[in-house]
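K.L.:
Got a sequence here, can you model it:
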Amino acid sequence: MIENKNIQEKVVIAGLQTKDENPKLFEEDIQEMVMLCATAGAEVVEVFIQKRLHPESSTFLGAGKLHEIKGLMRSKGVKTLVIDAHLSPGQVRNIEELVNGKVLDRGQVILDIFSLHAKTVEARVQVELAQMHTLYPRLTHAWTHFSQQVGGIGTRGPGEKQLEVDRRLVQKKIRDLKQRLSKIEKNRDVQRKGRSSVFKVSLVGYTNAGKSSILNALSGSDVLVEDKLFATLDTSTRRTYIPAIGSVVISDTVGFLRKLPHHLVASFRSTLRDVSEAQLLLIVLDASSEFFDQHLATVNEVLHDLDADRIPSILVFNKIDLADDPFVRKQLHISYPDAIFVSSFNKENMAQLKEHIGEFVVHYQKKQKEERIIRARTRQSVYGTAHHLV
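P.N.:
Just a heads-up that it's a prediction; the model follows:
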């Protein structure tokens with residue numbers, strides 16, 4: 001993983017643009033990768049882009065491009081290559097041999113950031129579980145590489161035996177971590193029951209969209225706010241007062257990201273339960289980003305995976321003060337007439353957002369009351385009919 005020390009680790013980033021890729025979206029992914037490396041504590045020395053019809057099966061990038069990358073890494077004293085893709089263990093091994101350096105893919109960098117930012121026991125367990133899922137398929141290639149380095153004598157039979165031992169150890173570790181997560185989840189369920197009567201709002205959105213800033217502004221709290229990807233990893237829950245409504249609970253969850261490895265989402269499913277149990281979602285987008293529509297698509301995709309896309313939501317465009325172009329602002333209002341446009345640093349904006357939440361709560365409570373009355377009348381009707389038949 002990337003070393004996060006006073007002396008920054010130098011890295012080179014490489015990406016592959018295929019014919020089916022949206023050029024602008026590909027550019028954003030590369031910019032995102034640069035920001036991910038910076039968040040992990042690395043210095044990006046150079047970014048290489050290769051255009052091909054499709055990836056090379058064994059090395060992802062072409063041999064010529066990798067040779068070019070190797071030359072620059074040697075001349076600049078760089079020992080780490082980060083590739084903006086999800087690579088197979090075999091591809092990682094093959095690329096490492098070609099460039100004679102360490103190779104990380106997108107998932108490993110994200111996991112490294114998760115490890116840096118995990119503060120609670122739950123988050124640390126979830127990170128370790130994701131690390132074990134990443135390690136397991138790489139064990140075979142790790143032992144193959146080891147055998148090639150130290151020679152065949154003494155590594156053939158024992159190596160295979162050790163590989164099986166390591167596999168069993170990793171599998172046992174995964175089972176143990178899942179059991180720990182299950183216990184933590186049960187404790188969280190107890191906490192949830194304690195506030196089950198309170199209306200629950202969950203902030204969701206693309207990472208670095210400003211969810212934590214909105215939580216702070218709505219609740220008067222001091223949740224960590226940084227201009228970094230995945231600055232918030234643990235769920236933060238705060239109470240806030242809504243005029244004419246009373247207290248509501250607002251939760252801020254880990255940000256979503258395009259091309260996020262599935263095992264990471266799976267590992268953090270217990271944290272994201274706050275999303276699926278909310279009565280209202282505030283989907284926060286960065287109004288100053290050129291790619292907010294792709295960010296919205298990513299958020300909707302993750303919500304679907306969590307079976308949370310059925311929950312009512314309000315679209316909140318944050319950082320509207322940074323959207324300088326008046327044409328862009330007007331286009332946003334036209335394209336998303338039901339959305340709310342705010343700056344988390346503007347008190348009037350936050351008061352308006354609270355007002356919208358309050359209006360939704362009133363409508364929600366009215367609908368719940370009507371449904372209870374209908375259910376009660378239905379039961380009475382069924383009971384009355386059954387009693388008459390007797």
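K.L.:
Can you find the helix or strand of this protein with the lowest average pLDDT?
P.N.:
Least confident helix or strand of the chain, by mean pLDDT, DSSP states H and E, is helix 139-150 with a mean of 48.
K.L.:
Touching, Ile95 and Leu81? I think so.
P.N.:
Yes. Assessed by C-beta atoms under 8 Å, Ile95 is found in contact with Leu81 at 7.0 Å. C-beta here means a position set from N, CA and C on the backbone, and glycine is covered the same way.
K.L.:
what sits in contact with each of the two?
P.N.:
Residues touching both Ile95 and Leu81 (C-beta atoms under 8 Å, 6 or more residues apart in numbering) are Val103.
K.L.:
Can you give me the end-to-end span of stretch 221-239?
P.N.:
The straight-line separation of the ends of stretch 221-239 (C-alpha to C-alpha, to the nearest Å) is 9 Å.
K.L.:
got the contact list for the closest residue to Asn349 other than its chain neighbours?
P.N.:
Leaving aside its sequence neighbours, Asn349 sits nearest to Val342 (C-beta to C-beta, 6 or more residues apart in numbering; 3.8 Å). Shown in contact with Val342 (C-beta under 8 Å, 6+ apart): Ile214, Val316, Phe317, Asn318, Ile320, Asn349, Met350, Gln352, Leu353.
K.L.:
where's Val342 relative to Asp321, distance?
P.N.:
From Val342 over to Asp321 the distance is 9 Å, taken as C-beta to C-beta, to the nearest Å.
K.L.:
same check, this time on Leu129
P.N.:
Leu129 is 39 Å from Asp321, where distance means C-beta to C-beta.
K.L.:
in stretch 296-307, what counts as buried?
P.N.:
Leu296, Thr298, Val299, Asn300, Val302, Leu303, Leu306 (16 or more other C-beta atoms under 10 Å).
K.L.:
Excluding chain neighbours, what is closest to the most centrally placed residue in the chain?
P.N.:
Within the chain, the residue whose C-alpha comes closest to the C-alpha centroid is Phe256; the distance, by C-alpha atoms, centre = their mean, is 3.5 Å. In this structure, Phe256 finds its nearest non-sequential neighbour in Val302, 4.9 Å apart by C-beta to C-beta, 6+ apart.
K.L.:
And the pLDDT for that neighbour?
P.N.:
Per-residue pLDDT puts Val302 at 83.
K.L.:
right, and it touches Gly255 too?
P.N.:
No. Using C-beta under 8 Å, Val302 is not in contact with Gly255; the gap is 10.1 Å.
K.L.:
ok, now which ones touch the residue lying closest to Ser343 once chain neighbours are set aside?
P.N.:
Excluding the flanking residues, the one nearest Ser343 by C-beta to C-beta, 6+ apart is Asp321, at 4.2 Å. By C-beta under 8 Å, 6+ apart, the contact set of Asp321 is Ser343, Phe345, Asn346.
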